[in-house]
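Undergrad: A predicted structure for the sequence below; I have some questions about it.
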Amino acid sequence: MSEIASPAPTPAPAAVPQAPPAASGRRPSFGVALIPLIAMALLLGVGYGIYRIKAQVLLIAAATLTAVLGLALGFKWRDMERGIVESIHKAMPAILIMLSVGVLVGSWMASGTIPMVIYYGLKLISPKFFLATACLVCSVVAVASGTSWGTVGTVGVAFIGIATGLGIPLGPAAGAIVAGAYFGDKMSPLSDIPNLATVISGSNLFDHIKHMVWSAGPAWLAGLAIYVVAGLKYGTTAVRSDTLDLILTTLRSDFHFNLLLLLPMAVIFYFAVAKKPTIPAMILSSLVAAVLAVTVQRLPLTVVAAAMNAGLPARTGVPLVDQLLAKGGMMSMMETQLIAFTAFAYGGIMQTTGCLAAVLDRVMRFTRRVWSLVLTTVGAAVLSALITGSSYLSMILPADLLAPVYRRKNLAAKNLSRLIEESGGIIVPLIPWSMAGVYITGTLGVSTFSYLPWAFMNYLSVGVLVLFGFTGWTMAPRKREDETQAGS
């Protein structure tokens, strides 16, 4: 069942990218080619890490500096512009999927599909196994809603209230919440993190998620086992939280729940198992959800359309629940898409001017074997996370640099997307100065260093990835040229 790389015939390795034939400038030296990378690291590290300037603005600044360097090397602007367009063109299938995800989440919220999953997930709470239950329920809610922050800010707050009532230390409680929320977030096709990882790596969303099961699954199960053992000593008294009761009561009173609400999910699962095209699956599922929103939830068609565009409008009158449900819509994906566009603009100029090729020539000296490539990818992602404190940028930087190397070695793009998400995106909440770390600490009232040791899944998955790198287990070979198609 594992996806171990085999010696089966595969397409010929792609060469390290060179400047397009029409480009007339001179190839930069390694030192000169490093200037754009160092500039981007400084811009993101200082601009985003300290001043919290939007990442897309900083990426435009880095692209501009790279273009100026390209002009100094003798390249013409029209060549660099063509490189930008070609780079973005390759990402368009995945960007269209991101747009479809926004519509899907909004329609699932309106239909009651996501609220029903959240409701019954919360009903699973067992005080005797509090830590394991907190992790499990947060995983379910995050998979259903596609948001780690929303899960932490709503369900997570409820669990902290329960932990306080039970006398359970808040460090372990918060660690279980964070691990569950980020596991669910990265395994959800509704989340922007896996969508961005596939866009910048050139892989398929559902192939990427299925590929992560081999590494994230064992890490999550190991963490769950530890929570079961560690949580047994915390007592068995049934205590309920006012916050939790408020969420449950509000969801139950504002939505009509029945088995029909699982139909939108069934459509997605069928298309994924059958390896059918992703976008038609999402559009069909959204249409089914829209019909359910009108017929089951009795919502006006105008409200359903608004949910697909900008998320479900506030309707319960309870701010906490409205915050949990105010997700989805095409507009929710705009910032992520802007980051993708600006990152590919920067990458297009880097490739056209030959800067990327010059850096890759040097990088290839340290990535002659699969294990060294995996270690390089993990190291680059973790370092980017530490410098920028951003889940997005911790994935963009190593992917931009190493995607051509994976193609050259005939390794599937889903290997790269898995590595950058699991060693970059989910490490960020363990960094105290990151936005995620600050948000979690402020929301749950627990310091990063208190919950960090208990967020087992977040760092155990990195160890699993390194093991796979050394053994070659699950390092899938590249099957086709266009890896954005299902079954790649």
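TA: In hand now; what should we look at?
Undergrad: mind saving the C-alpha coords of the least confident helix or strand in the chain by mean pLDDT as CSV?
TA: Ranked by mean pLDDT, DSSP states H and E, the weakest helix or strand in the chain is helix 157-166, scoring a mean of 72. Taking C-alpha atoms only, helix 157-166 is exported to CSV below (Å, rounded to 0.1, in the frame of the first residue of the first chain):
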residue,chain,number,x,y,z
VAL,A,157,-11.6,28.0,24.0
ALA,A,158,-14.4,25.6,25.1
PHE,A,159,-11.9,22.8,25.9
ILE,A,160,-9.7,25.2,27.9
GLY,A,161,-12.8,26.0,29.9
ILE,A,162,-13.5,22.3,30.5
ALA,A,163,-9.8,21.8,31.4
THR,A,164,-10.0,24.6,34.0
GLY,A,165,-13.0,23.0,35.5
LEU,A,166,-11.4,19.5,35.6
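Undergrad: Show me what the helix or strand just after it packs onto, helices and strands only.
TA: Next in sequence after helix 157-166, counting helices and strands by DSSP states H and E, comes helix 170-186. Judged by 3 or more C-beta pairs under 8 Å, 6 or more residues apart in numbering; DSSP states H and E, helix 170-186 is in contact with helix 130-145, helix 148-151, helix 157-166, helix 192-201, helix 205-231, helix 435-444, helix 448-451, helix 456-471. Every C-beta, even on glycine, is put in place using the N, C-alpha and C of the backbone.
Undergrad: May I see the buried residues of the host helix or strand of G70?
TA: Element membership for G70 (DSSP H and E) is helix 55-72. If you call a residue buried by 16 or more other C-beta atoms under 10 Å, then helix 55-72 has these buried ones: 55-56, 58-63, 65-67, 69-70.
Undergrad: repeat for stretch 386-406
TA: Going by neighbour count (16+ other C-beta under 10 Å), the buried part of stretch 386-406 is 386-406.
Undergrad: so where is the stretch 151-300 of the chain shaky, pLDDT-wise?
TA: Counting by pLDDT under 70, the ranges of the stretch 151-300 of the chain that qualify are 154, 161, 165-166, 235-241, 272, 275.
Undergrad: rerun at 80
TA: Along the stretch 151-300 of the chain, segments meeting pLDDT under 80 span 153-155, 157-158, 161-167, 232-244, 268-269, 271-278.
Undergrad: got the buried residues of helix 55-72 as a markdown table, with distance to A39 columns?
TA: What follows is the buried residues of helix 55-72, written out as a markdown table (distance: C-beta to C-beta, whole Å):
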| residue | distance to A39 |
| --- | --- |
| A55 | 15 |
| Q56 | 16 |
| L58 | 10 |
| L59 | 11 |
| I60 | 12 |
| A61 | 8 |
| A62 | 6 |
| A63 | 10 |
| L65 | 5 |
| T66 | 8 |
| A67 | 12 |
| L69 | 9 |
| G70 | 13 |
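Undergrad: neighbours of L221, just the number please.
TA: Per other C-beta atoms under 10 Å, the neighbour tally for L221 reads 12.
Undergrad: Is A266 in a helix, a strand, or coil?
TA: helix (DSSP: H, G, I helix; E, B strand; the rest coil).
Undergrad: could you give the mean pLDDT of the helix holding G70?
TA: Helix 55-72 shows a mean pLDDT of 92.
Undergrad: Which is the succeeding secondary structure element to it?
TA: Following helix 55-72 toward the C-terminus (DSSP H and E): helix 77-111.
Undergrad: Which other helices and strands does that next one contact?
TA: Contact analysis of helix 77-111 by 3+ C-beta pairs under 8 Å, 6+ apart lists helix 55-72, helix 113-122, helix 192-201, helix 263-273, helix 278-295, helix 301-310, helix 334-352 as its packing neighbours.
Undergrad: How about residues contacting the second one?
TA: Spelled out, that is helix 113-122. 105, 108-109, 137, 140-141, 144-145, 155, 158, 244, 247-248, 251-252, 254-255, 257, 261-262, 264-265, 289, 292, 324-325, 327 (C-beta atoms under 8 Å, 6 or more residues apart in numbering).
Undergrad: Now do that helix against helix 170-186: the angle between them, please.
TA: Here the directions of helix 113-122 and helix 170-186 differ by 150 degrees (axes from the mean of the first three to the mean of the last three C-alpha atoms, to 10 degrees).
Undergrad: One more: the fourth one?
TA: Put simply, helix 263-273 runs at 70 degrees to helix 170-186, going by the same axes, to 10 degrees.
Undergrad: Check the fifth one too.
TA: Regarding helix 278-295 and helix 170-186, their directions subtend 110 degrees when assessed with the same axes, to 10 degrees.
Undergrad: same question, the first one
TA: Note on geometry: by the same axes, to 10 degrees, helix 55-72 and helix 170-186 are set 60 degrees apart in direction.
Undergrad: Would you pull up how far helix 55-72 lies from the middle of the chain?
TA: Centre-to-centre, helix 55-72 and its host chain are 25 Å apart (C-alpha atoms, centre = their mean, to the nearest Å).
Undergrad: again, but for the fourth one
TA: Relative to the chain's own centre, helix 263-273 is displaced by 20 Å; criterion: C-alpha atoms, centre = their mean.
Undergrad: quick one: contacts of it?
TA: 104, 107-108, 111, 113, 189, 206, 210, 276-278, 280-282, 284-286, 288-289, 292, 486.
Undergrad: returning to what we had before: mark which of the buried residues of stretch 386-406 are part of helices, please.
TA: Judged by DSSP state H, the buried residues of stretch 386-406 include 386-388, 391-406 as members of helices.
Undergrad: hang on, the earlier thing: among the helices and strands packed on helix 170-186, which comes closest to I426?
TA: helix 456-471 (5.0 Å; C-beta to C-beta).
Undergrad: tell me what the closest one is packed against?
TA: By 3+ C-beta pairs under 8 Å, 6+ apart, helix 456-471 packs against helix 170-186, helix 205-231, helix 370-388.
Undergrad: in the longest one, what's buried?
TA: This points to helix 205-231. For helix 205-231, by 16+ other C-beta under 10 Å, it's 205-212, 214-216, 218-220, 222-224, 226-227, 231.
Undergrad: and the angle from it to helix 456-471?
TA: 120 degrees.
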